[in-house]
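Undergrad: Sharing a model that was predicted from the sequence below.
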Amino acid sequence: MLDPIIERKARGWLSPEFGAEVNAELRELFQKQAWEELTDRFYQGLEFGTGGIRGVLGAGTNRMNEIVVRMTTQGLANYILKHGETEKLSVAIAHDPRRKSAEFALETALVLTANGITAYLFPELRPTPTLSFAVRYLKATAGVVITASHNPPEYNGYKVSWSDGGQIVPPHDQGIIGEVRRVTALDQVKRFSREQAEREGLLRWLGPEVDEAYLNAVAAQVIQPGVIAGAADSLGLVYTPLHGTGSTMVPRALERMGLKKVEVLASQRDPDPEFTTVKSPNPEEKAALKLAIERARETGASLVIATDPDCDRMGLAFRDSRDEFVLLNGNQIGSILCHYVLDQLSRAKRLPARPVIIKTIVTTELQRTIAASFGAEVIDVLTGFKYIAEQIRLIEESGDGRSFVFGGEESYGYLAGTYARDKDGVVSSQLAAEIAAFCFSRGITLGDYLDEIYSGYGYYLEKGRSLTLAGQKGAEQITGLMEHFRGNTPAAISGSRLTGYWDLIPGERVDLPGGARVKTNLPRANVLIFYLEDKSILALRPSGTEPKVKFYFFVSKPVGKGVDLEAVKKEAADRLDRLERDFMELVSRTLEGK
C-alpha cells in the first residue's frame, strides 16, 4: 500500500492546474497500483547538489517537470528580489538539446519576468560555459542553464549560477534552497505568458553579440599561435559534440585557430535528445568516441576530441606510434593541460609572478608536483567546479598579486582563463588542439608528451568507480555505508597500513597511529579520504546529483633516472587493481552486514 502522506502529495498533483500531461501520467500509475514508483516520485523533492537540481523526467516532486521548474524558479526569483547584488535584476538562461530543455528554459524566463526580473534567453542551445560567460558579460544577477550534462536521455536538470558566473556556493545555495522550499503550492508561482513577457520588455532574446564576445575570450587563451600555424595544414582532427551544444561553438573556436583539417563528425553533429548513436554521451567512455575514432582512422587524423552534451567537459583520444588510438583519462588530460599552460607561459615569459592552480581533492596529486616545479600555488577544493570558480573570485577580490592560471577536476572539466567561471569544453578543446600542434612540431605524440611528464615528476595512476544505489532504500544504504566507515576506520586496506584519514564532516585530518588531529579549512562535506603507508590514497563520497557512491583510487611511484617507465607503469597498475578489488570487497561485505 501507499504511505498516506505520499498518497496525499501524489493526488494533489491530479488537480487541473498541474496540466493534462501530468494528470494522465499519475492516473496511469494509480491504476497500475505502482506504489513503489509513486513513492519514489513523491517521497522527497529534488535538492540542489554540486550541480544544482537534476533528476529523471516525469510527474512528481522527485522528478524534473514544468511544475518543479516553475516552483524552483519562483524560489530563485524570491531570493534574487531580496538579495540580488546587481544594479538591474536580470537572469541569463541557456539550455542543452535534451527532452523538455527548451520548454524548461522558457518556463524559467516566464516566471522570472512575472516577478519583474529581466530574462536574457538564448534562442537556441548553447554550452554551459557560454552561459557562464554571458552572466558576466551581461552583468546579470544570476544564470540558469537547463541541462543534465552527460546523463542518460531520461534525465534533465537545472543549474543556477550567481553574478560572477560561477555555480552557486554558500550562502547563496542554501539561501535559494530555503526560498525554493517555501514555495509549497503552485498558486504561489507568478508566471507571464510569452506574449506578455515580451510586451513588458522583460523577455529579451540574445543575438550573436554574446557568441562573438565569448569566442573572442576563448581565442585569447591561445598561448603559442606560431606553433599552431606550423601545423595548421597537416594536423588532422575529428571533433564530435555527441549530439550536444558543442556543435555551436567548438568548430568555430578551432576554425579561428587557423586549423585547416578539422572535421565535425556528421553522424553526431546535430542535436538529438535521445543521443541515438551512443549508449551514453559521456566523453570519458571509449564507446562514446567509437564513431569518431573510426572516422579518424579513415581520414588519417591524429586527434579525436569529444565534448559532452552541455560542452563543459572534454575527452580525447590520440593516435600513438603503433597507429592505435589511445584514450586519456581526466587526470591525464588535466595534467597535460596543466603542464603545458605553466611550461609555455613560463617559456614565453608570461607566467604571472604568483600563479595559482586549483584542483579538487579527488584530482591527481601529479598536478601539485607539476605546479611546485613552476613555483605555482595549489589550492584544493571540494568536488564540484563551483568551488574552483569561488576560489577564482576570492583570488581576484584579495588583490594580493596572485593570478589564476588553470583549474580542473578529474571528471574531465577544465578552465584556462578567467572570462568564465565554469569548466569549459570549448577552451579545453582549443587547448588540446594547441598541444597536439606542439607535439606535431616536435614529432611526438600526446602519449610521448605525457611520458615526459611522468619521467620528470613521477608516475601517478588513478581510477574512479561508482556504485548505484537507487531509490529510498538506496539512499539509506549510502548513508549507512558512509556512517560505517566513519565509525569503523580500518587499520589497513589492501595490505597497507592506514597512516591517516581526512573526514570532511568535522573537517579534521587525523594522523595514525598517534591520532594527532589537524583542522582543515574546507567546507563541511560528506567525504572520507584514507591515506596508506605505501602512498596509495582512496576516497569515497556520495554523488551530489545521482543515487551513487563514488570511489577514487590513487597510486604513485617514483621514476628515477634510467628506470624503465613501462615497468613502473605495470607495477602501479597491479597495485591499483589490488587496491580497488580489496576495498570494493570490503564495501560489499559492509552493505551485506557482514
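TA: Perfect, thanks for sending it. Numbering: from 1, shown residues only.

Undergrad: what's the residue nearest the centre of the chain in contact with, if anything?
TA: Nearest to the geometric centre of the chain sits Gly413, at 5.7 Å (CA atoms, centre = their mean). Going by CB atoms under 8 Å, 6 or more residues apart in numbering, Gly413 touches Asp312, Arg313, Gly330, Phe385, Lys423, Ser428. No exception for glycine: its C-beta is placed from N, CA and C like everyone else's.

Undergrad: give me the low-pLDDT residue ranges for the stretch 1-150 of the chain?
TA: Where the stretch 1-150 of the chain drops to pLDDT under 70, the residues are 48-51.

Undergrad: would you list every one of the strands in it?
TA: Remark: strands assigned in the stretch 1-150 of the chain by DSSP state E, counting those that start in this stretch are 53-56, 90-95, 118-121, 142-146.

Undergrad: Looking at those, which is nearest to Val555?
TA: strand 53-56 (31.6 Å; CB to CB).

Undergrad: pretty sure Ala416 contacts Tyr340?
TA: No - Ala416 is beyond contact range of Tyr340, at 9.6 Å (criterion: CB atoms under 8 Å).

Undergrad: shared neighbours of these two, which are they?
TA: Shared contacts of Ala416 and Tyr340 (CB under 8 Å, 6+ apart): Leu431.

Undergrad: Show me the beta-bridge partners of Val56.
TA: Here Val56 sits in beta bridges with Tyr155, as judged by DSSP bridges.

Undergrad: From Tyr79, how far off is Ile168?
TA: With distances taken as CB to CB, to the nearest Å, Ile168 is found 10 Å from Tyr79.

Undergrad: can you list residues touching both of the two?
TA: The contact sets of Ile168 and Tyr79 overlap at Ile176 (CB under 8 Å, 6+ apart).

Undergrad: where do the helices sit along the stretch 351-500 of the chain?
TA: Applying DSSP state H, counting those that start in this stretch to the stretch 351-500 of the chain gives helices spanning 366-373, 385-398, 425-442, 446-457, 471-487.

Undergrad: Against which helices or strands is the fourth one packed?
TA: Packing partners of helix 446-457 (3 or more CB pairs under 8 Å, 6 or more residues apart in numbering; DSSP states H and E): strand 314-319, helix 330-347, helix 366-373, helix 425-442, helix 565-591.

Undergrad: So which of these is nearest Leu254?
TA: Closest to Leu254 of the helices and strands packed on helix 446-457, according to CB to CB: helix 425-442, at 5.9 Å.

Undergrad: what angle sits between the closest one and helix 330-347?
TA: Orientation note: helix 425-442 sits at an angle of 70 degrees relative to helix 330-347 (axes from the mean of the first three to the mean of the last three CA atoms, to 10 degrees).

Undergrad: Report the distance from helix 425-442 to the chain centre.
TA: On the basis of CA atoms, centre = their mean, to the nearest Å, helix 425-442 sits 21 Å off its chain's mean C-alpha point.

Undergrad: what bits of this structure have low per-residue confidence?
TA: Applying pLDDT under 70 to the chain flags the ranges 48-51, 545, 594.

Undergrad: Tell me how it divides into domains.
TA: Listed domain ranges for the chain are 1-43, 50-206, 235-457, 460-591 (source: automatic domain parsing).

Undergrad: how about those domains in TSV, adding distance to Tyr214?
TA: Converted to TSV, the domains of the chain look like this (distance: least, CB to CB, whole Å):
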stretch	distance to Tyr214
domain 1-43	35
domain 50-206	5
domain 235-457	7
domain 460-591	26
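
Undergrad: All set, thanks.
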